[in-house]
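Visitor: Pasting a predicted model and its sequence here:
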Amino acid sequence: GNSVTQMEGPVTLSEEAFLTINCTYTATGYPSLFWYVQYPGEGLQLLLKATKADDKGSNKGFEATYRKETTSFHLEKGSVQVSDSAVYFCALTPPWTGGFKTIFGAGTRLFVKA
Amino acid sequence: DVKVTQSSRYLVKRTGEKVFLECVQDMDHENMFWYRQDPGLGLRLIYFSYDVKMKEKGDIPEGYSVSREKKERFSLILESASTNQTSMYLCASSPGRNSNQPQHFGDGTRLSIL
């Protein structure tokens, strides 16, 4: 079946450190891949997406590349800020499901210290 | 800008009560979703709807029902609330039938059943 596995948190970094949050998936065909971010007291919001192999999604200094060969979609940022403290969710939507069957990872909490 | 509004941020109810959670979107989206979010489990789909008066069960529909009488409004109903339904509930919407489209989330309702 389809599934998403992301690294357990919490992840604690100092400001300006490099961030990687690992995400691997299992799916049939070519799913669409997403990273969502949830700030304290809010719902999820889209951070970036990639819809085909080798696509790179980017937004607000975050990047992730759709790697079909390793079934991965790792999130990276070169220099984190305190304001990046949040929970990050990796997600996939299988093809031919009409967008109804998005599967979310368990989430990774990031703390950034000043 | 896209807006999904959930009627309550916090709600406290008693065991056995009938509970209504309301969600409204202003984007003319066809699809609407209800999830519950629990620590370590990510988001789990309760029900979704792809058109007015249409609904489909998600992964954990037991103990819940939904109503979609108008395109912009999707209600989640706990027929007889139980303590194991204490959780964060997230509503989301998305356009069309394309798996490339992200979902847009409300800020959530934190429900406590005493």
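Guide: Arrived safely, thanks for sending. Numbers count the residues shown, from 1 in each chain, chains lettered A, B, ... in the order given.
Visitor: Would you map the strands across chain A?
Guide: Ranges of strands within chain A are A:3-6, A:11-14, A:19-21, A:23-26, A:32-38, A:44-50, A:56-59, A:62-65, A:75-77, A:86-93, A:103-104, A:108-113, based on DSSP state E.
Visitor: For the fourth one, name the packing helices and strands.
Guide: Spelled out, it's strand A:23-26. The elements that strand A:23-26 packs onto, with contact taken as 3 or more C-beta pairs under 8 Å, 6 or more residues apart in numbering or on different chains; DSSP states H and E, are strand A:3-6, strand A:86-93. The way it works is simple: take the backbone N, C-alpha and C, and place the C-beta from them, glycine included.
Visitor: Which among those is found nearest to chain B?
Guide: strand A:86-93 (4.2 Å; C-beta to the nearest C-beta).
Visitor: Contacts for the closest one, please.
Guide: Residues outside strand A:86-93 that contact it (C-beta atoms under 8 Å, 6 or more residues apart in numbering or on different chains): A:2, A:4, A:6, A:9, A:21, A:23, A:25, A:27, A:31-40, A:44, A:47, A:73, A:75, A:99, A:101-105, A:107-110, B:42-43, B:99-100.
Visitor: Which among those residues count as buried?
Guide: A:2, A:4, A:6, A:21, A:23, A:25, A:27, A:31-38, A:44, A:47, A:73, A:75, A:99, A:101-105, A:107-108, A:110, B:42-43, B:99 (16 or more other C-beta atoms under 10 Å in any protein chain shown).
Visitor: Spit out the contact partners of the residue sitting nearest the centre point of chain B.
Guide: With distances taken as C-alpha atoms, centre = their mean, B:W34 lies nearest the centre of chain B, 2.6 Å away. Going by C-beta under 8 Å, 6+ apart, B:W34 touches B:21, B:23, B:45-48, B:58, B:64, B:66, B:74, B:76, B:89-91.
Visitor: any idea which of those is the one closest to A:Q81?
Guide: B:L90 (25.7 Å; C-beta to C-beta).
Visitor: Helix, strand, or coil at that closest one?
Guide: strand (DSSP: H, G, I helix; E, B strand; the rest coil).
Visitor: wait, isn't it in contact with B:R110?
Guide: No. Checked against C-beta atoms under 8 Å, the pair B:L90 and B:R110 is beyond contact range at 10.3 Å.
Visitor: so how far is B:P102 from the residue in chain A that chain B sits nearest to?
Guide: Per C-beta to the nearest C-beta, A:G43 is where chain A lies closest to chain B, at 3.5 Å. A:G43 is 12 Å from B:P102, where distance means C-beta to C-beta, to the nearest Å.
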